[in-house]
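Enquirer: The following block contains a protein sequence and its predicted model.
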4 protein chains.
Amino acid sequence: MEEENSRANDRELGRREQTRSHNQALILAAARAVFAEYGYSRTTVRDIIRATPLAAGTFYNYYKSKDEIFQAIRDETALKVRPLLREARSGSKTADKFIYATFRTFFDFVVAEHAALVTGHSSNAMHVRVDTPEIIAGFGELEEDLASAIAAGILPRVDIKYLTASIAGLAFELSENMMDREKPDPEAAARFATDLVLGGISGMAKK
Amino acid sequence: MEEENSRANDRELGRREQTRSHNQALILAAARAVFAEYGYSRTTVRDIIRATPLAAGTFYNYYKSKDEIFQAIRDETALKVRPLLREARSGSKTADKFIYATFRTFFDFVVAEHAALVTGHSSNAMHVRVDTPEIIAGFGELEEDLASAIAAGILPRVDIKYLTASIAGLAFELSENMMDREKPDPEAAARFATDLVLGGISGMAKK
Amino acid sequence: MEEENSRANDRELGRREQTRSHNQALILAAARAVFAEYGYSRTTVRDIIRATPLAAGTFYNYYKSKDEIFQAIRDETALKVRPLLREARSGSKTADKFIYATFRTFFDFVVAEHAALVTGHSSNAMHVRVDTPEIIAGFGELEEDLASAIAAGILPRVDIKYLTASIAGLAFELSENMMDREKPDPEAAARFATDLVLGGISGMAKK
Amino acid sequence: MEEENSRANDRELGRREQTRSHNQALILAAARAVFAEYGYSRTTVRDIIRATPLAAGTFYNYYKSKDEIFQAIRDETALKVRPLLREARSGSKTADKFIYATFRTFFDFVVAEHAALVTGHSSNAMHVRVDTPEIIAGFGELEEDLASAIAAGILPRVDIKYLTASIAGLAFELSENMMDREKPDPEAAARFATDLVLGGISGMAKK
DNA sequence: CATGAATGAGAGTTCATTCAT
DNA sequence: TATGAATGAACTCTCATTCAT
């Protein structure tokens, strides 16, 4: 039986490898879409494989469980954006650049990956945001960087934990509002957020 | 006949009603706790009654379904805080009072009702926030009030939708951070949030 | 507590007795109606007491179980009609009288008790007919009487079991058809059935 | 990809399909038996699968619900017998042939399908007969054919609705009696029913 | 490795019955 | 004895996971 399969599948060299990563990609993409749409518990493995040309059991050749693929997606997302954020902030010599880089990078990322889980706008009216170890680590990094920036005199001395929370809250909530708009504009959103954090609304004027 | 019986049973009805509302309270409290812990879908009705000395079927003497109690809790929360928020803002003649009143009222409420669902800090690493009609209406009210304040010259002309989202994001995220602290201080949190919104971090100095 | 109740209930002498049989009658009537409407399993005890001013637990002061009241109703029905049928047949000296008396009595009874269970025309399209010991005994009596009539030369020698079944089948099915008509006419139905059994359709002419 | 796989798996699909239809047959047979034994509402899906070597959930791989399999069985039965009945009657040029063909076909069918639901002889003492659209249509067809036969002068002018009901009542009741006998004899039963309908018992003599 | 039916624990819910009042 | 909330077994159905093919 295995021989027959290999005969059928190996007409091209490396076909197996190709199929394997192809299938993995199919499953990941389907999972991302479905988790983003329904959230973790309301998503069934059947939903995922139904969004795939594959069969139910095949799923388990790639992921040990529904939980595993979920965490894989979450971490994958956080792992992608975290280096971007750190790098963006690392070169910033002014408060404006520091804060703007943070928001801009985050909003750009959300636009690029808006099918993914970070900001799940589920059809049945629930915001789900996941605090995985990876994401928590991301918050930790932000806090560290804020501390460094304060130490370097780039940012004023404020309650760092509240500032971290504020930036996170603004980032998540504004990114959602931004994505609801006709044409998401990460530049404008980042500008708004940065101005708010730095100078408050006092110095803003509506365009 | 019913009247006669009730006359005869009056003394006991007091007891019964007492037990009844006691049980209702037990179930509500359990549900609040479990929903906050696990979110809607991961919570089972059995989880709720297990957190109670009652039997499985008893739940359904009080709520027709898992959905019904969930909505009851959500709306109860939103319906309680919304009038408070509106009233707090209504008398504010300055930007500072307006913004501070909003945050302070919200944080006070979170401290008072910290077992409730609105800001669920789940142990299994998920933030769930539900956009019920009630909560969405709350956002709408905030937006309206912001528009009025801008029209009245109390607040400067800024992107109202982004401002609404910003205040909401700050409120939810800071309230969570506040509750994680040893001694939640709504005054300090509201002060931080208000200063941030009005003047940004530029004018802040860490105490 | 008991004293209070008796004070309340005993203003008239024998009131208790009266209430008791009154309640029993209420429950029986409600049960008859609901069983006839929904059949045994789709009827809930709640349905029965809901059709009553009484409380759930009261039911069990009168009947040990749902099953018990169901059987009571079934047997009550059969026990009422069986003596009527026997008596009607007993005096019949001719085949026509014998057969006609059987059908006519049965159809009259159905008209009179059409809310009861014997011929249940349930709203969800099911015919339910119950073969309780009482009803089976009724069939047995019919068979006995047919045997006697044959022995007496009143009826010809035919397969008694098939004849019994035929009469039963005609009785049940025609009674249902009769009850579906605008104005149920037991006389006409009994005439039709009798003529069919005695002479077949050959000698009939449509009115 | 699916095509390739099916090519590769062709030999096994035969097995699988075989198992599949085997299981389907197991479930159908069990359902037929249990429904016949207990009727619709008293039958639980658990009863059905318990009468099977399969697991609880397997049922739902074949039927979406208890209702679906019930209707499948009902309609399957009615749909099988109806064309047979119509065809049997269609060629009949005399009253005897017409009536005999109807009963004989029905009784033959009952003998062949005696496990089925149409005529349920339940051990817990209930006859259940379901008026599905299919069965009602069967009655309608009988009535139509009777009307045609009367119009053609084959049958005398009698109350068609009562005649239809009579034939149905005789068919159901006699078939049950027939099946209770040691050796069911559809020919004899059909002869009895036909003679009864055509000439009544007057012309009969017990064998 | 793909397949997809089988599995069975467990979900939400109902309801006959019990029992404190 | 009437009350009606409490009970918990049993129901229909779902779904993550397994496994023979």
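Expert: Perfect, I can see it now.

Enquirer: hang on, residue A:182 in a strand?
Expert: No - membership of residue A:182 in a strand is not supported by DSSP: H, G, I helix; E, B strand; the rest coil, which gives coil.

Enquirer: Which helix or which strand is home to the closest residue to residue A:59 other than its chain neighbours?
Expert: Distances taken as CB to CB, 6 or more residues apart in numbering or on different chains put residue A:49 closest to residue A:59, at 5.3 Å, once the chain neighbours are dropped. C-betas here are computed from N, CA, C, even on glycine. Taking DSSP states H and E as the definition, residue A:49 sits inside helix A:45-50.

Enquirer: And the contacts of that helix?
Expert: A:27, A:30-31, A:34, A:38, A:55-56, A:58-59, A:66, A:69 (CB atoms under 8 Å, 6 or more residues apart in numbering or on different chains).

Enquirer: Am I right that residue A:42 is in contact with residue B:41?
Expert: Yes - the criterion here is CB atoms under 8 Å, and residue A:42 meets it with residue B:41 at 5.4 Å.

Enquirer: distance between stretch A:95-109 and the chain's centre?
Expert: 15 Å (CA atoms, centre = their mean, to the nearest Å).

Enquirer: By neighbour count, which of the contacts of helix A:45-50 wins?
Expert: In terms of neighbour count, residue A:31 stands highest of the contacts of helix A:45-50 at 26 neighbours, by other CB atoms under 10 Å in any protein chain shown.

Enquirer: what sits against that residue?
Expert: A:43, A:48, A:69-70, A:73.

Enquirer: do the same with residue A:58
Expert: By CB under 8 Å, 6+ apart, the neighbours of residue A:58 are A:23, A:27, A:49.

Enquirer: Could you rerun that using 6 Å?
Expert: Shown in contact with residue A:58 (CB atoms under 6 Å, 6 or more residues apart in numbering or on different chains): no residues.

Enquirer: So which of residue A:42 and residue B:41 has more stuff around it?
Expert: Higher neighbour count among residue A:42 and residue B:41: residue A:42, with 18 against 15, using other CB under 10 Å.

Enquirer: Just want the phi and psi numbers for that one.
Expert: phi -80, psi -10 (degrees, to the nearest 10).

Enquirer: Is it correct that it is in contact with residue B:39?
Expert: No - using CB atoms under 6 Å, residue A:42 is not in contact with residue B:39, being 10.3 Å away.

Enquirer: By proximity to DNA strand E, which residue of chain A wins?
Expert: residue A:57 (1.4 Å; CB to the nearest atom of the strand).

Enquirer: If we check DNA strand F, which of the contacts of residue A:31 are in contact?
Expert: residue A:43 (CB under 7 Å from any atom of the strand).

Enquirer: Pick the one among the contacts of residue A:31 closest to DNA strand F.
Expert: Nearest member of the contacts of residue A:31 to DNA strand F, counting by CB to the nearest atom of the strand, is residue A:43, at 6.6 Å.

Enquirer: My guess is residue A:107 contacts residue A:192. True?
Expert: No - applying CB under 6 Å as the test, residue A:107 and residue A:192 come out as separate, 10.1 Å apart.

Enquirer: Tell me the residues of chain A that contact DNA strand E?
Expert: A:2, A:5, A:16, A:19-20, A:23, A:53-58, A:60-62.

Enquirer: how does it look with 6 Å?
Expert: A:5, A:20, A:23, A:54-58, A:61 (CB under 6 Å from any atom of the strand).

Enquirer: what packs against the helix or strand encompassing residue A:150?
Expert: Residue A:150 belongs to helix A:133-151 when elements are defined using DSSP H and E. The contact analysis (3 or more CB pairs under 6 Å, 6 or more residues apart in numbering or on different chains; DSSP states H and E) places helix A:133-151 against helix A:66-90, helix A:160-180.

Enquirer: Give me the neighbour count for the closest residue to residue A:84 other than its chain neighbours.
Expert: Sequence neighbours aside, residue A:105 is the residue nearest to residue A:84 in space, at 5.2 Å (criterion: CB to CB, 6+ apart). Each residue near residue A:105 was counted by other CB under 10 Å, and the total is 20.

Enquirer: Got the domain ranges for chain A?
Expert: Following automatic domain parsing, one finds the domains of chain A at A:2-63, A:68-203.

Enquirer: Can I get these in a markdown table including distance to residue B:201 and mean pLDDT?
Expert: Below are the domains of chain A laid out as a markdown table (distance: least, CB to CB, whole Å; pLDDT from 0 to 100):
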| stretch | distance to residue B:201 | mean pLDDT |
| --- | --- | --- |
| domain A:2-63 | 33 | 78 |
| domain A:68-203 | 5 | 83 |
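
Enquirer: deepest of the ones you listed, which one?
Expert: domain A:68-203 (a mean of 18; mean count of other CB atoms under 10 Å in any protein chain shown).

Enquirer: Would you check that residue A:135 makes contact with residue A:78?
Expert: Yes - with contact defined as CB under 6 Å, residue A:135 counts as touching residue A:78 (4.8 Å).

Enquirer: between these two, what contacts are shared?
Expert: Common neighbours of residue A:135 and residue A:78 (CB under 6 Å, 6+ apart) do not exist.

Enquirer: Compute the inter-axis angle for the host helix or strand of residue A:33 and helix A:66-90.
Expert: According to DSSP H and E, residue A:33 maps onto helix A:15-38. Using axes from the mean of the first three to the mean of the last three CA atoms, to 10 degrees, one finds that helix A:15-38 and helix A:66-90 are set 80 degrees apart in direction.

Enquirer: Please state the offset of helix A:15-38 from the chain centre?
Expert: 17 Å.

Enquirer: That helix near DNA strand F at all?
Expert: No - using CB under 6 Å from any atom of the strand, we find that helix A:15-38 stays clear of DNA strand F, coming within 9.9 Å at best.

Enquirer: C-alpha coordinates for that helix, CSV please?
Expert: The C-alpha trace of helix A:15-38 is given here as CSV (Å, rounded to 0.1, in the frame of the first residue of the first chain):
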residue,chain,number,x,y,z
ARG,A,15,7.0,15.7,-4.0
ARG,A,16,6.5,14.2,-0.7
GLU,A,17,8.4,16.9,1.1
GLN,A,18,6.5,19.5,-1.0
THR,A,19,3.2,17.9,-0.2
ARG,A,20,4.0,17.8,3.4
SER,A,21,4.8,21.4,3.9
HIS,A,22,2.0,22.3,1.5
ASN,A,23,-0.4,20.5,3.7
GLN,A,24,1.0,22.0,6.8
ALA,A,25,0.6,25.4,5.3
LEU,A,26,-3.0,24.6,4.3
ILE,A,27,-3.8,23.6,7.8
LEU,A,28,-2.2,26.5,9.3
ALA,A,29,-3.9,29.0,7.0
ALA,A,30,-7.2,27.4,7.6
ALA,A,31,-6.7,27.3,11.3
ARG,A,32,-5.7,31.0,11.4
ALA,A,33,-8.8,32.0,9.5
VAL,A,34,-11.2,29.9,11.5
PHE,A,35,-9.7,30.7,14.9
ALA,A,36,-9.8,34.4,14.0
GLU,A,37,-13.5,34.0,13.0
TYR,A,38,-14.8,32.0,15.9
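
Enquirer: before we move on, the earlier item: not counting the helix or strand the residue nearest to residue A:84 falls within itself, show me its contacts.
Expert: In this structure, residue A:105 sits in helix A:95-112 according to DSSP H and E. For helix A:95-112, the surrounding residues in contact (CB under 6 Å, 6+ apart) are A:81, A:84-85, A:88-89, A:92, A:149, A:154-155, A:171, A:175, A:184, A:186, A:189-190, A:193-194, A:197.

Enquirer: ok, 8 Å please
Expert: A:80-81, A:84-85, A:88-89, A:91-92, A:118-119, A:142, A:145, A:149, A:154-155, A:167, A:170-171, A:174-175, A:178-179, A:184, A:186-187, A:189-191, A:193-194, A:197-198, B:201-202.

Enquirer: Centre of the chain to that helix, how far?
Expert: With CA atoms, centre = their mean, you get 13 Å for helix A:95-112.

Enquirer: so that helix versus helix A:133-151, what angle?
Expert: Using the same axes, to 10 degrees: helix A:95-112 against helix A:133-151 is 160 degrees.
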